[in-house]
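>>> Sequence and predicted model, in that order:
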Amino acid sequence: MTSTNQHGLSLQPGEYLTPAQVAEILPGLTLNSLAVRRHRHQEPTFCRLGRTIVYPREVIEKWIESATVEARRHAG
């Protein structure tokens, strides 16, 4: 379900994740570690809407992809 506001901005449900949702999706990341990363202006990129912090789902997916390490074939 898409909602459009008075300014014509269209958002899909689930398009943005809360810090708690990101921490739940990514093992090893805690709410505290995400807060530290935000304070240090480190990835992942986030949006601050007043006092609310959200992460675009697309940014999180790209961040995971960029951190992927390719396995090397073992010559044998």
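Thanks, I have the structure now.
>>> Relative to Val69, how far out is the residue nearest to Arg38 when sequence neighbours are not counted?
Distance criterion Cβ to Cβ, 6 or more residues apart in numbering; nearest residue to Arg38, sequence neighbours excluded, is Phe46 at 5.9 Å. No exception for glycine: its C-beta is placed from N, CA and C like everyone else's. Counting by Cβ to Cβ, to the nearest Å, the separation of Phe46 from Val69 is 24 Å.
>>> Show me which of the two is the more surrounded one.
Applying other Cβ atoms under 10 Å to Phe46 and Val69 shows that Phe46 carries more neighbours, namely 20 against 5.
>>> pLDDT score for the more buried one?
Phe46 is assigned a pLDDT of 96 by the prediction.
>>> okay but it is in contact with Tyr55, surely?
Yes. Phe46 is within contact range of Tyr55, at 5.1 Å (criterion: Cβ atoms under 8 Å).
>>> what sits against the residue nearest to Arg38?
Residues counted as contacts of Phe46 (Cβ atoms under 8 Å, 6 or more residues apart in numbering) are 38, 53-55, 59.
>>> Most neighbours among those, which one is it?
Per-residue neighbour counts (other Cβ under 10 Å) across these peak at Tyr55, which has 21 neighbours.
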